[in-house]
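just need the structure, nothing else, for what follows:
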Amino acid sequence: MTTRPSTIAPPQTRSKRSTAIRGMHWLVLGVSLALTFFAWHYSKSQHDARIQALFDREADQTVELVKERMQKYEDALWSGVAMLDASDQEIGLQQWKRYVESLNLDSKYPGINGLGIIHSVPTPSLPNYLAKRKAETPQFQIHPAQNQETLLPISFIVPVKPNSKAIGLNMAHEPNRFRAALKAKESGAAQVTGTIHLVQNSEKTPGFLFYAPFYRDQQHATLEQRNANFAGMVYAPFIVKELLEGVLRKENRSVGLRLTDGTTILYDEHVASEADYDPSPLFTESRLVEMYGRTWEFDIWSAKSFRKSANDSQPHAILIAGILIDLLLLVVFVTLSQASQMAHSYAEGMTRQLEVNNQQLQKEIQERKATDARLREINTSLEESRTTLQGLFDQSFNFISLMALDGTLLQINRTALELVGANEKEVLYQPCWNTIWWSHSSALQERLRDAIRLATAGEADRFEAVHPVADSADQATVQVDVSVSPITNAAGDVIFIVMESRDISRLKEQEAETEKLLSDLGQSNSELEQFAYVASHDLQEPLRKISSYASLLEEECGDEVNEDGQAYIHVIVDGASRMKHLIQDLLAFSRIGRRGDTMEPVDTTQCLQDAIESLEISIAESEATITFDRMPAVLADQSQLIMLFQNLVGNALKYRTETPPVIEIEATDRGQEIEITIKDNGIGIAPRYQERIFEIFQRLHNRREYSGTGIGLAVCKRIVERFEGTIRVEPNAPQGSTFLITLPKPSPPDRKHAIAFPPSQEPSTNGFLAASDPHHTVG
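Residues are numbered from 1 along each chain as shown. The predicted structure follows:
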């Protein structure tokens, strides 16, 4: 008798199948986990955007409050000027005192230390001026003593008592005060001095003076008229700390502030002693603000109170809740698998122990009931999670909608509905392009249909649109950035389309404002370049007179002047000479940008030879050795390229050690650029000065050690930047420096326009260069 093979799998195999979690279970877990992370990331991004906007708003408010207060102080100064212009006779101390007391400075202009008048007093008028002042204030005197042609003393300031030390102070005695006074005089506009210490402030806290000029008559439209009719200034002294603490109350803000003028810190809250100081701020921002002739830098950072107010645990709560739900699902699926295994075990033992199987069956029924109860609890949790996600969907600041593949609108959030004053019944289950947002423009409707077709094919699309705003009497609109993206399943098939729109109306306004500011800045820079050129050119004539008359004085009266007088004459001549060189350098610096943007291919080797020939005497005196090879052409301006080589080689000759200079010049082709290196064995440049040396008037040595104006490397940088290149410096070991310049290569020319240098046109050597050798040595 034969037996038929059994087709029933062994118990072990059936057990393994029953305990395995099915693919559908893993899909549910994956989708749930993905939704959890999506909700967490979306909530976190909204939170981050919200606190960034909060910080930007507080930073804007801080800067605007300071600017608004300075404008208010400027109004006080100009009101004083108006009072002086309106008076038919000279204002005295008592009249000025009554006027200032009528302004109620303490209540209307908190932070201001007083309001005073500075008169311009030519030396011939000094006795008459002193007589008037002493008649009002017997102890009046001008201090410190100065020998200028015109003095700028403080005639009076109210309140008098706290500012008594300032009365009679000559503004020409200190550069910061004097420079700002000259600016006010020549421009006719209000000016702020650099950082100073007020003489009436015993604590030496940083402060400044605020000037508003006045003139003898109304004819001051031109610079010549302003110089001729300048009568003085209405001024106000300030202590920066008192000014800012009066404007920016700490209890009304959650950001800190550091205010600097150049390298001088005017006010600083970024210190550990501040109660609200945050050593690791969430946000920082630095802004440069033009403030009446000065550039103030506002460094703003978030404080501890900002961090506390920005703390939001909602994203983390969503993440934790979602992960817990996923863990519960995993437990349920594992439990179901284990329950199935137990059911199979009970069935297999039914033939052996009917009574035991019956008991086990009852137990299984009880466990299934418990499992059902747990499943109901999980379903309830899932419903709560769905409700939470729907709440996040509705609370988003963006306009979000879900569509079927044919463009039918299936779901839309509350933000989009409120924009047009609609409800879900009016817009759902119809083509999205026929809804109120899009029906006002047939062109937008067609654009949306194109985006939906792309999304159906699996491609995202993005464009901008304009939507009307509900209940707007002036037919207001909102400009939005629209993105249409596909949603795919695990197999990669597109199942839904999501459209998200972001309000960019304010962004567009800011872009327009930025473009206007950039245009104004370009205009301002052009005017400043023209002013620097004209001013530097006009200053040379009085310098020539000073130098000529000082030389004549030395020749004709040399025997009548003692040694001190002759030394003074030498100081005048030397100062005039240095000022002449400084003005000439300034003229050269201002002319760099006035040559336009036209560049042409230039023979780099010929320019270098011309520069070396101009330095022939310095090379011979220093016994220098200069080596270089023939270099490729670059796109540049020939005269300015020669100037660049003159400055860099000249610096290597000037800043040398006792060892004769050795200068090596090489050129390397870097694809679209030519890199030129100029290496020397001089005194070198410390790493901390490698950026500073390219700034105008930055000197690392005094004039007794090395002559010069400190403008040469600034000229080099400006020339290279005009060529659209770069320049930097690196230290050599053990001494010396290497300057690296990158300049653009000329575009490959047509054959008929190719540049060639025939042998008959090779640059002349003038006895310095071996022209027959491609490697040149000068020495």
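
could you spell out the sheet neighbours of the lengthiest strand in the chain, each with its direction?
Counting residues, the longest strand found in the chain (DSSP state E) is strand 477-488. According to DSSP bridges, strand 477-488 forms sheet pairs with strand 461-468 (antiparallel), strand 494-503 (antiparallel).

quick check: which of these is buried the most?
Ranked by average neighbour count under the criterion mean count of other CB atoms under 10 Å, these are headed by strand 494-503 at a mean of 18. Every C-beta, even on glycine, is put in place using the N, C-alpha and C of the backbone.

looking at the strands paired with strand 477-488, spot the one closest to residue 65.
Taking CB to CB, strand 494-503 is the member of these nearest to residue 65, at 27.3 Å.

could you give the number of residues near residue 45?
Residues near residue 45, counting by other CB atoms under 10 Å, number 11.

so where does it fall, helix or strand?
Here residue 45, judged by DSSP states H and E, is contained in helix 23-86.

what's the mean pLDDT across that helix?
Mean pLDDT, helix 23-86: 85.

the strands in the stretch 301-450 of the chain, which residues?
All strands of the stretch 301-450 of the chain, identified by DSSP state E, counting those that start in this stretch, fall at 399-403, 409-412.

ok, residue 657 - contacts?
Applying CB atoms under 8 Å, 6 or more residues apart in numbering to residue 657 gives the contacts 681-683, 735.

now, which of those residues sits nearest residue 95?
Using CB to CB, residue 683 comes nearest to residue 95 of the contacts of residue 657, at 62.3 Å.

now do the same contact list for the closest one.
By CB under 8 Å, 6+ apart, the contact list for residue 683 reads 655-657, 735-736.

kindly reformat those as a markdown table containing secondary structure, distance to residue 411 and pLDDT.
Shown next, in a markdown table, are the contacts of residue 683 (DSSP: H, G, I helix; E, B strand; the rest coil; distance: CB to CB, whole Å; pLDDT from 0 to 100):
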| residue | secondary structure | distance to residue 411 | pLDDT |
| --- | --- | --- | --- |
| 655 | coil | 73 | 79 |
| 656 | coil | 78 | 83 |
| 657 | coil | 79 | 80 |
| 735 | coil | 73 | 78 |
| 736 | coil | 71 | 85 |
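
of those, which is the most crowded?
With neighbours taken as other CB under 10 Å, the top of the contacts of residue 683 is residue 736, carrying 23 neighbours.

so who does it touch?
Listed by CB under 8 Å, 6+ apart, the contact set of residue 736 reads 679-684.

where along the stretch 651-779 of the chain do the helices fall?
712-722 (DSSP state H, counting those that start in this stretch).

among the contacts of residue 657, which two are most distant?
681 and 683 (9.3 Å).

mind giving me the packing neighbours of the helix or strand harbouring residue 639?
If you go by DSSP H and E, residue 639 is part of helix 638-654. Counting contacts by 3 or more CB pairs under 8 Å, 6 or more residues apart in numbering; DSSP states H and E, helix 638-654 packs against strand 600-602, helix 604-614, helix 616-622, strand 662-669, strand 673-679, helix 712-722.

compute the number of surrounding residues for residue 477.
With neighbours defined by other CB under 10 Å, the count for residue 477 comes to 14.

grab the nearest non-local neighbour of it.
Distance criterion CB to CB, 6 or more residues apart in numbering; nearest residue to residue 477, sequence neighbours excluded, is residue 466 at 4.9 Å.

check contacts around that neighbour.
The contact partners of residue 466, by CB under 8 Å, 6+ apart, come to 441, 444, 477-480.

which one of these is nearest to residue 27?
Here the nearest of those to residue 27, counting by CB to CB, is residue 480; it sits at 35.2 Å.

from residue 627, how far off is that closest one?
According to CB to CB, to the nearest Å, residue 480 and residue 627 sit 64 Å apart.

more crowded one of the two?
For residue 480 and residue 627, the more surrounded residue by other CB under 10 Å is residue 480, and the numbers stand at 22 against 15.

residues in a beta bridge with the more buried one, which ones?
Here residue 480, judged by DSSP bridges, has bridge partners residue 465, residue 503.

okay, now the unreliable bits of the stretch 651-779 of the chain?
Along the stretch 651-779 of the chain, the parts satisfying pLDDT under 70 run over 688-690, 692, 695-711, 733, 748-779.

80 instead, please
655, 683-713, 731-735, 747-779 (pLDDT under 80).

residues contacting stretch 439-453, please?
If you take CB under 8 Å, 6+ apart as the criterion, stretch 439-453 is touched by 403, 407, 432-434, 438, 461, 463, 465-466, 468, 482, 484, 497, 499.

please work out the average pLDDT along it.
For stretch 439-453, mean pLDDT rounds to 88.

buried set for that stretch?
Using 16 or more other CB atoms under 10 Å as the test for burial, stretch 439-453 gives 441, 444-445, 447-448, 451-452.

and it, how far out from the chain middle?
Put simply, stretch 439-453 sits 39 Å off its chain's centre (CA atoms, centre = their mean, to the nearest Å).

renumber starting at 11 from here on
Yep, numbering from 11; the last one is stretch 449-463 now.

that older thread, now distance to residue 312 too, for the strands paired with strand 487-498, in a markdown table please.
Shown next, in a markdown table, are these (distance: least, CB to CB, whole Å):
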| stretch | distance to residue 312 |
| --- | --- |
| strand 471-478 | 32 |
| strand 504-513 | 25 |
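
looking at the ones you listed, which is nearest to residue 137?
Across the strands paired with strand 487-498, residue 137 has its closest neighbour in strand 504-513 (71.1 Å, CB to CB).

what angle separates the closest one from strand 409-413?
Taking axes from the mean of the first three to the mean of the last three CA atoms, to 10 degrees, one finds that strand 504-513 is oriented at 160 degrees with respect to strand 409-413.

re earlier: between the contacts of residue 476, which sits nearest residue 40?
Distances from residue 40 to those, taken as CB to CB, are shortest for residue 490 (32.9 Å).
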